[in-house]
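**Student:** Below is the structure, and that's it, no one-letter string:
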């Protein structure tokens, strides 16, 4: 099992090549590279050249930090054919960057529009079939997560889509801050996914469905926006014991990634405190002798 950090709270103050040092200072040995303006921005072609990729790989090695995954978010499910084709081009460049970094896993979202789910699914499948030979040639695992406002939001439906793609290199990511948008059933979703759960994103959020849906207030009333947080663990209403118990029951041995956003002024404090919380949960539910893998391949308690 690996414990990684999505260093999003350091993105605005650090260049992508400086992130490994920030991750190491935070006490993490693995990092996930999520969307960043000077790397792979949201919904855009990568903004990084081969020389910078080589520098990032060297800086990570020097810091003793492994890169667990690269996470692009691109419009490969449309809405238009032009947008889909642009996303496929960006995906191919992101794949090459991942290979050049020596990384074997890419995480992403389904994307697409929930009000046009049938159209978005058709676009997604077209993009997937175009890109599948690239993933297979390079030996890259693709890990899919349902996201609020995607064409697939429900966790059970996402697990079934992953199963339906029927590729052993396509797996499922359970994201705890999306718990209340994907069905509020971590035990059931994780059990349904079983061995297909290879990555977990860890952060907290409030249950927007509680108290008559008044945890968050948006205007105008009845708006279809999907509001959620990536808050420090313990600041919301996610039942992390239930999540970790389900992971243990499923025999999970993948990557746990801390991904709190929006508390930049307390970033160092939060990533350290939540690291302790995560290791305690691992010990409680998987056993005190459970080891975390280091980039060198050695394990530590």
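**Tutor:** Noted; the coordinates are in hand. Keep in mind the model is a prediction, meaning the values are calculated, not measured. Residues are numbered from 1 along each chain as shown.

**Student:** Who are the packing partners of the top helix by length along the chain?
**Tutor:** The residue-count maximum for a helix in the chain (DSSP state H) belongs to helix 117-138. Packing partners of helix 117-138 (3 or more Cβ pairs under 8 Å, 6 or more residues apart in numbering; DSSP states H and E): helix 81-100. Where you see a C-beta, it was placed from the backbone N, CA and C, and this is true even at glycine.

**Student:** May I have the phi/psi pair for residue 255?
**Tutor:** As for residue 255, its main-chain torsions (degrees, to the nearest 10) stand at phi -110, psi 130.

**Student:** and it, what are its bridge partners?
**Tutor:** residue 2, residue 199 (DSSP bridges).

**Student:** Could you check how many residues crowd around it?
**Tutor:** Residues contacting residue 255 under the criterion other Cβ atoms under 10 Å number 22.

**Student:** residue contacts, it?
**Tutor:** If you count contacts by Cβ atoms under 8 Å, 6 or more residues apart in numbering, residue 255 has them with 1-4, 30, 32, 68-69, 105, 198-200.

**Student:** Please determine how far it is located from residue 153.
**Tutor:** 23 Å (Cβ to Cβ, to the nearest Å).

**Student:** Kindly report the same for residue 285.
**Tutor:** From residue 285 to residue 153 the distance is 27 Å (Cβ to Cβ).

**Student:** again, but for residue 229
**Tutor:** For residue 229 relative to residue 153 (Cβ to Cβ), the value is 16 Å.

**Student:** again, but for residue 49
**Tutor:** 36 Å.

**Student:** which residues of this protein fall in strands?
**Tutor:** 2-6, 30-33, 66-70, 105-109, 141-145, 170-175, 197-202, 255-258, 292-293, 299-300 (DSSP state E).

**Student:** and those as JSON lines, adding distance to residue 20 and mean pLDDT?
**Tutor:** Below are these laid out as JSON lines (distance: least, Cβ to Cβ, whole Å; pLDDT from 0 to 100):
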{"stretch": "strand 2-6", "distance to residue 20": "10", "mean pLDDT": "98"}
{"stretch": "strand 30-33", "distance to residue 20": "7", "mean pLDDT": "98"}
{"stretch": "strand 66-70", "distance to residue 20": "8", "mean pLDDT": "98"}
{"stretch": "strand 105-109", "distance to residue 20": "17", "mean pLDDT": "98"}
{"stretch": "strand 141-145", "distance to residue 20": "21", "mean pLDDT": "98"}
{"stretch": "strand 170-175", "distance to residue 20": "22", "mean pLDDT": "98"}
{"stretch": "strand 197-202", "distance to residue 20": "20", "mean pLDDT": "98"}
{"stretch": "strand 255-258", "distance to residue 20": "15", "mean pLDDT": "98"}
{"stretch": "strand 292-293", "distance to residue 20": "17", "mean pLDDT": "92"}
{"stretch": "strand 299-300", "distance to residue 20": "19", "mean pLDDT": "54"}
